[in-house]
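> With the sequence up front, the predicted model follows.
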Amino acid sequence: SAVISQKPSRDICQRGTSLTIQCQVDSQVTMMFWYRQQPGQSLTLIATANQGSEATYESGFVIDKFPISRPNLTFSTLTVSNMSPEDSSIYLCSASLAGTGDGNTIYFGEGSWLTVV
Amino acid sequence: GEDVEQSLFLSVREGDSSVINCTYTDSSSTYLYWYKQEPGAGLQLLTYIFSNMDMKQDQRLTVLLNKKDKHLSLRIADTQTGDSAIYFCAEKEGNAGKSTFGDGTTLTVKP
């Protein structure tokens, strides 16, 4: 199994500022992902964080707004840039252990709850 | 694209069984998952089933998969108030890491 830790767990942010969320996995993983969960809604994939290369973004999400880093196999960051109230969401990091003994299990962090005022 | 659908709400009495249903469209789905999200928390993986299986049981949880109809269900036996949460169905194709999630079913357990 894998334990995924996210920081910050919660934050209140001013409109127009940027915030970086960190995601740390306790073991090396092949794939890491960032999801957004807006209030009362399901999860929407923002991007796949690729180790050593640019992230792969889903339709509707762009690098300028959500820059992502993944410097190694256990760590990734997501920045929410130039925030507006519409960015108030839970941001979830997830990791897939595909390629290891734990097959295709996908684990999630506890989420980072952002409120933009 | 892929689509996963769930009914939004389910209410049961404590001690009864709960059945949460899910349908999906992607015939290439290889793994299907059930996650639980309690208020103020992240997602907890409950169980998953490989597409060549019909059933998987894990303590109070039973997952049934009808691949022909692309229908997945989660049965919770002897439902407790602590089972009140949102339950998400998700599917993943092969070795692709990303998953598609349903909108979640809010389970309310009444004493």
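Ah, there it is.
> For chain A, which element, helix or strand, carries the lowest mean pLDDT?
strand A:106-108 (a mean of 86; mean pLDDT, DSSP states H and E).
> Name every strand pairing with it and say which way it goes.
Strand A:106-108 pairs in its sheet with strand A:89-96 (antiparallel), by DSSP bridges.
> So which residues on chain B come close to chain A?
Applying Cβ under 8 Å from any Cβ of the partner chain, one finds that chain B approaches chain A through B:30-31, B:33, B:35, B:40-45, B:48, B:88, B:90, B:92, B:95, B:97-99, B:101-104. Backbone N, C-alpha and C define where each C-beta goes, glycine included.
> Now, of those residues, which are buried?
Neighbour-count burial (16 or more other Cβ atoms under 10 Å in any protein chain shown) applied to those gives B:31, B:33, B:35, B:42-43, B:45, B:48, B:88, B:90, B:92, B:97-99, B:101-104.
> about what we covered before: out of the residues of chain B next to chain A, list just those in helices.
Nothing among the residues of chain B next to chain A maps onto helices, per DSSP state H.
> Relative to chain A, how far out is B:Glu2?
11 Å (Cβ to the nearest Cβ, to the nearest Å).
> thinking that residue is in contact with B:Asp26, fair?
Yes - using Cβ atoms under 8 Å, B:Glu2 is in contact with B:Asp26, at 4.1 Å.
> where do the contact lists of those two overlap?
Taking Cβ atoms under 8 Å, 6 or more residues apart in numbering or on different chains as the contact rule, B:Glu2 and B:Asp26 both touch B:Glu91, B:Glu93, B:Thr100.
> most neighbours, which of the residues you listed?
B:Glu91 (25 neighbours; other Cβ atoms under 10 Å in any protein chain shown).
> Could you give the number of residues near the residue of chain A found nearest chain B?
Nearest residue of chain A to chain B (Cβ to the nearest Cβ) works out as A:Met31 at 3.5 Å. Neighbour count for A:Met31, taken as other Cβ under 10 Å: 21.
> Could you list the low-confidence segments of chain B?
Counting by pLDDT under 70, chain B has low-confidence residues at B:1, B:94-97.
> circling back to that earlier point, taking the residues of chain B next to chain A one by one, which sit in strands?
Residues of the residues of chain B next to chain A located in strands (DSSP state E): B:30-31, B:33, B:35, B:43-45, B:48, B:88, B:90, B:92, B:99, B:101.
> Switch those over to JSON lines; also include distance to A:Ile106.
Shown next, in JSON lines, are those (distance: Cβ to Cβ, whole Å):
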{"residue": "B:Thr30", "distance to A:Ile106": "12"}
{"residue": "B:Tyr31", "distance to A:Ile106": "8"}
{"residue": "B:Tyr33", "distance to A:Ile106": "7"}
{"residue": "B:Tyr35", "distance to A:Ile106": "9"}
{"residue": "B:Leu43", "distance to A:Ile106": "9"}
{"residue": "B:Gln44", "distance to A:Ile106": "12"}
{"residue": "B:Leu45", "distance to A:Ile106": "7"}
{"residue": "B:Tyr48", "distance to A:Ile106": "8"}
{"residue": "B:Phe88", "distance to A:Ile106": "12"}
{"residue": "B:Ala90", "distance to A:Ile106": "8"}
{"residue": "B:Lys92", "distance to A:Ile106": "7"}
{"residue": "B:Ser99", "distance to A:Ile106": "6"}
{"residue": "B:Phe101", "distance to A:Ile106": "11"}
